[in-house]
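S.K.: what would the 3D arrangement of this be:
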Amino acid sequence: MHRAEPPADRGHRAGAPRAWLLMVCIGLLALTLRSPIVALGPVLGELREELGLSAAQAGLLTSIPVLCFAVASPLASLTIRRVGVEFAITLTLLGVLVGTVVRSAGDTTATMVGTVLIGVAITVGNIAVPLIIRRDFPVHRQAAATGIYTAALNIGSTLAALLTAPVAAATGWRIGLGSSALAVVLALLVWLPAVGRRRALVPEPQPPAAPRPAGRASGRWATAGLAAGFSGQAFAFYGVTAWLPTLLVEDVGMSPVEAGAASSFFHVFAIAGALGVPLAARRAGTAAVAGAVGVAWLFLPLGLLLAPEQWWAWTAVGGVAQGGGITVIFVAIMRLAHDGPSAGRISAVVQGVGYGFGALAPAVLGFVHERTQTCSASLLVVLAATLTYLVCTTLAVRSVARRPR
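M.R.: Down below sits the predicted model:
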């Protein structure tokens, strides 16, 4: 499945930090790309009470980052081409830092503005990090680096979910919500010296895209398949994240506190999925792993429909699937693209479409739940999303695997 890279896009770029240091930077950056979003949930009640937010405003506040992922992806791709990947990542870190401070320190307007800043900044990082991995890691190490990156995304989510509430209880919701800025500061302290102040702080436009190689028309179908698969992945992830605690309360009989703690299985086991996919792909191939991950995704809605009392097993398998699922798609994007600029364009399309559907998931499942007064119908919608992932991602990854190396 590996292909020869063009000379200007192969291996380790001159002047780039060593692979281990670059991986540390990527890991720290990944910790900052989800934790500010997840940190909002544990303090949302206190925030609503102090700022006087309505339920609609609170729902918008939680949806803004994912909406930014969808709407701002093309702009993020263009920004990266104009300023370079290193400067774009610096913008990501500074944007998240400023947005976190503004969101935590002001009134309702400042909270909304800060959340938008966070969402737009993270959108840039979502596209920039896979480009760094594709450019500065050898082809045979890109899958492992991607797995570490997606595992760090889930580690950041888990830490934010576990630590924000205790910090807020001791110091107030503003400091609790703003505490995720510490990870951003740490990432900046490592990133700036690692890549050099000039490369990190001075815009450097990417070179023009190489001419599109002959026979690449099929790449459009593979891109469409990855976009559809990522739509299923994002819809299932954000839908389950929002509604799993409700299901555990209604169908299993847990208390809200127990359900919140139990739903963390879904995020913790994603770390195993993200790290396991590259190892499995070495033996079975990425296409076979994509199919296996898709089947594992089905276990979550089917298991909760047929045997909800075994929730721990289904959420664990679903967590592995969601962590592995996004890794499969990112690896496929890297191998589908013929150079850095094309990788940015493909990533913007796939993430823009996928996160657009992901942003709809909580509202769609909430509407279905309200109309049917049962979680079963909502789980059937999640099942349709996971089936979409299974079929579309598997076909797209097989198409990428058949392309000339």
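S.K.: so Ala181 is in contact with Val98, correct?
M.R.: No: contact criterion Cβ atoms under 8 Å: Ala181 and Val98 do not qualify, at 9.3 Å. In this view, the C-beta of every residue, glycine as well, is placed from N, C-alpha and C.
S.K.: neighbour count: those two, which is higher?
M.R.: Ala181 (21 against 16; other Cβ atoms under 10 Å).
S.K.: may I have the residues that are in contact with that one?
M.R.: Contacts of Ala181 were listed using Cβ atoms under 8 Å, 6 or more residues apart in numbering, and they are 96-97, 100-101.
S.K.: let's see 10 Å
M.R.: Ala181 makes contacts with 32, 35-36, 39, 96-101, 103-104, as judged by Cβ atoms under 10 Å, 6 or more residues apart in numbering.
S.K.: go on, Val289?
M.R.: Residues touching Val289, when contacts are defined by Cβ under 10 Å, 6+ apart, comprise 143, 276-283, 324, 327-328, 331, 394, 397.
S.K.: buried among the residues you listed? Make that a ChimeraX selection.
M.R.: ChimeraX command restricting these to the buried ones, with burial defined by 16 or more other Cβ atoms under 10 Å:
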select :143,276,277,278,280,281,324,327,328,331,394,397
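S.K.: make TSV from the contacts of Ala181 and add pLDDT, distance to Gly232 and secondary structure to it.
M.R.: Written out in TSV, the entries for these read as follows (pLDDT from 0 to 100; distance: Cβ to Cβ, whole Å; DSSP: H, G, I helix; E, B strand; the rest coil):
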residue	pLDDT	distance to Gly232	secondary structure
Thr32	93	27	helix
Ser35	89	25	helix
Pro36	91	25	helix
Ala39	87	27	coil
Val96	96	28	helix
Leu97	96	33	helix
Val98	97	34	helix
Gly99	96	29	helix
Thr100	95	31	helix
Val101	95	36	helix
Arg103	94	30	helix
Ser104	92	34	helix
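S.K.: show me which of these is closest to Thr386.
M.R.: Set against Thr386, the nearest of those by Cβ to Cβ is Ser35 (25.8 Å).
S.K.: does that closest one touch Ala183 like I think?
M.R.: Yes: because the distance of 6.1 Å satisfies Cβ atoms under 10 Å, Ser35 is recorded as touching Ala183.
S.K.: okay, and the common contacts of these two?
M.R.: Residues touching both Ser35 and Ala183 (Cβ under 10 Å, 6+ apart): 96, 100, 156, 159-160.
S.K.: for the residues you listed, which single residue is the most surrounded?
M.R.: Among the shared contacts of Ser35 and Ala183, where neighbours are counted by other Cβ under 10 Å, the top count belongs to Val96, at 29 neighbours.
S.K.: wait, what's in contact with that one?
M.R.: Taking Cβ under 10 Å, 6+ apart as the definition, contacts of Val96 comprise 29, 32-33, 35-36, 117-122, 124-125, 180-181, 183-184, 187-188.
S.K.: quick one: which of these sit in helices?
M.R.: 29, 32, 35-36, 117-122, 124-125, 181, 183-184, 187-188 (DSSP state H).
S.K.: buried ones from those, can you make that a PyMOL selection?
M.R.: To isolate the buried subset of the ones in helices among the contacts of Val96 in PyMOL, counting by 16+ other Cβ under 10 Å, use the following:
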select buried, resi 29+32+35+36+117+118+119+120+121+122+124+125+181+183+184+187+188
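S.K.: let me have the contacts of Ala181 in CSV, extended by distance to Val167.
M.R.: Compiled in CSV, those are given as follows (distance: Cβ to Cβ, whole Å):
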residue, distance to Val167
Thr32, 16
Ser35, 12
Pro36, 14
Ala39, 9
Val96, 18
Leu97, 18
Val98, 20
Gly99, 18
Thr100, 13
Val101, 16
Arg103, 15
Ser104, 12
